[in-house]
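Chemist: Using only what follows, build the 3D model:
(one chain, ligands or ions: 1)
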Amino acid sequence: MEIRKVGVLGAGQMGLGIAQATARAGFETILAKATPGGLDAQRGRVEKQLQKDVERGKLSAADHGALLERLGWTTHLHDLANVDLLIESVVEELPVKRDFFVRLDDVVQDQAIFATNTSTLTVGDLASATKRPERCVGLHFFNPVHAMKLVEVAPSLRTSRETVATCVAFATRLGKVPVVVADSTGYIVNRLLVPYMVDAIVCLERALGSIADIDAAMQNGANHPMGPLALADFIGLDIVFHMASLLHEEYREPRFAPPPLLRRMVLAGYLGRKSGLGFYDYKQTPPAPRDALVQRGLG
Ligand SMILES: NC(=O)c1ccc[n+]([C@@H]2O[C@H](COP(=O)([O-])OP(=O)(O)OC[C@H]3O[C@@H](n4cnc5c(N)ncnc54)[C@H](O)[C@@H]3O)[C@@H](O)[C@H]2O)c1
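Modeler: Numbering: from 1, shown residues only. As a prediction, the model looks like this:
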C-alpha cells in the first residue's frame, strides 16, 4: 500500500516532531489535537522552528513554503477520515490511547494503517480494540524527532507482513533507520537503556562513585556522549521511573526495578532538566552535581 497522506494525533512534543518530519519528507500531513483548546501555540512553535531552519540554511525558502502547505492542522477527528497512515502520539495511558483507536476505527478509511508511538504499552492491546488488527503497528520515534534516526517498527502478533513492509518503507522515506522489533515492552532501546540507567543509580546508592565520577566514567571509558545520570535527567526522572516500573511489572526481572533513590527524587519533584533539578542543578552553569542531596536521600 502506498502512503500519501499521514495523520498525526496528539500535538505534544513527539506529535509535533513527527508531523514536521512527515511534511518535510513530502507527505501531505494533518496534525490533529486530541485535547480541547486551539492549536495556535503549537502552530506558532512549529513555524518558529522552521523559520530558524531557514535562517540557518537548513531549509530553503521555497521548501519552507511548500512544507507549510503540506502541513494541515485540525481539532476535529473526522478530518483524519482519508489518511493512509495514522500515527497516534497522545499521552502514554492505555485507556486514552485505546479510546482513540476505537473512535478513529469508525472515522478513518478501512484500508488505513494505525500506528502508535507508544514507548512502553503493548501494540496488541490497542490493536485488539479495532476491527483492523492486521493494520495496527508500533512506530516508535525518538526525541527529538528531527535529530534521532531510529524508528522501531513493532508488529503485534496479528500485524500483516504488508503493514510492516509499508511502515519500513515509510520510515526509510523519512530518512530514518527502521528496525523491526517484536511487540514487547520497551522494544530494544528502552529494554537496554532503562536497566543501564537504573544500575547507574544503584552505583550511586552504593557509593561506588560520585555523580560526576559515574558520568565521567561512562563518557570517557565507553565513549558515550553523556553519562547515565545526566541522561536520566535529560529524559526526565519521572519517565525513567515509569518505564522501569512497567518493564519490571512485565518481565519481573530485578534489573528493571526502580531504585528507592529514584522514587524519592520523583516524589520530591526532582524530575531532571525539565524541573531544573535532578541529579544535577540546572540553575547553575555548568549544571552542578547534587551529591549532598543524594546522601540525604539515602538516609
Ligand atoms: N518524549 C519522548 O521522549 C518520547 C519518545 C518516544 C515516544 N514517546 C511517546 O510519545 C507519546 C507522546 O509523548 P510526548 O512526549 O509527546 O508527550 P507530551 O506530553 O508532550 O504530549 C502528549 C499529548 O497528549 C495529549 N493528552 C494529554 N492528556 C490527554 C488525554 N487525557 N486525552 C487525549 N490527549 C491527551 C496532550 O495534550 C499532548 O498533546 C507517548 O506515548 C510517549 O510514550 C515519547
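Chemist: Let me see the mean pLDDT of the host helix or strand of Q51.
Modeler: In this structure, Q51 is located in helix 40-55 according to DSSP states H and E. Throughout helix 40-55, pLDDT has a mean value of 94.
Chemist: This structure: strands as residue ranges?
Modeler: Using DSSP state E, the strands of the chain run over residues 5-9, 28-32, 71-74, 85-88, 113-116, 136-140, 150-155, 177-180, 280-281, 288-289.
Chemist: Would you mind naming what in this protein lies close to the ligand?
Modeler: Residues of the chain lying close to the ligand (CB under 6 Å from any ligand atom) are 10-15, 34-35, 89-92, 96, 117-119, 140-143. C-beta coordinates here come from the backbone N, C-alpha and C atoms, glycine included.
Chemist: Residue ranges of each domain in the chain, please.
Modeler: Split into domains by automatic domain parsing, the chain comes to 5-180, 189-297.
Chemist: With mean neighbour count added, can I get the ones you listed in TSV?
Modeler: Compiled in TSV, the domains of the chain are given as follows (neighbours: other CB atoms under 10 Å):
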stretch	mean neighbour count
domain 5-180	18
domain 189-297	18
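Chemist: Any regions of the chain where pLDDT drops low?
Modeler: Within the chain, the segments meeting pLDDT under 70 span 299.
Chemist: Of all residues in it, which one is closest to the ligand?
Modeler: The minimum distance from the chain to the ligand, using CB to the nearest ligand atom, falls at G12 (1.8 Å).
Chemist: Quick check: chain neighbours aside, which residue is closest to that residue?
Modeler: S89 (6.7 Å; CB to CB, 6 or more residues apart in numbering).
Chemist: what distance separates stretch 247-266 from the middle of the whole chain?
Modeler: Mean C-alpha position of stretch 247-266 versus that of the full chain (CA atoms, centre = their mean, to the nearest Å) differs by 20 Å.
Chemist: Which residues does it contact?
Modeler: With contacts defined as CB atoms under 8 Å, 6 or more residues apart in numbering, stretch 247-266 is touched by 120, 185-186, 190-191, 194-195, 198-199, 201-202, 204-205, 232, 237-238, 240-241, 244-245, 271, 278, 294, 297-298.
Chemist: before we move on, back to that, let me see the contact set for the residue nearest to G12.
Modeler: Here S89 is in contact with 8-10, 12, 14-15, 18, 116-117, 141 (criterion: CB under 8 Å, 6+ apart).
Chemist: Equivalent analysis for T159, please.
Modeler: Contacts of T159 (CB under 8 Å, 6+ apart): 123, 127, 133-137, 183.
Chemist: for the residues you listed, which one is nearest R158?
Modeler: Closest approach to R158 among the contacts of T159 (CB to CB): P133, at 4.1 Å.
Chemist: right, and that closest one touches R158 too?
Modeler: Yes - look at P133 against R158 with CB atoms under 8 Å: they come within range, at 4.1 Å.
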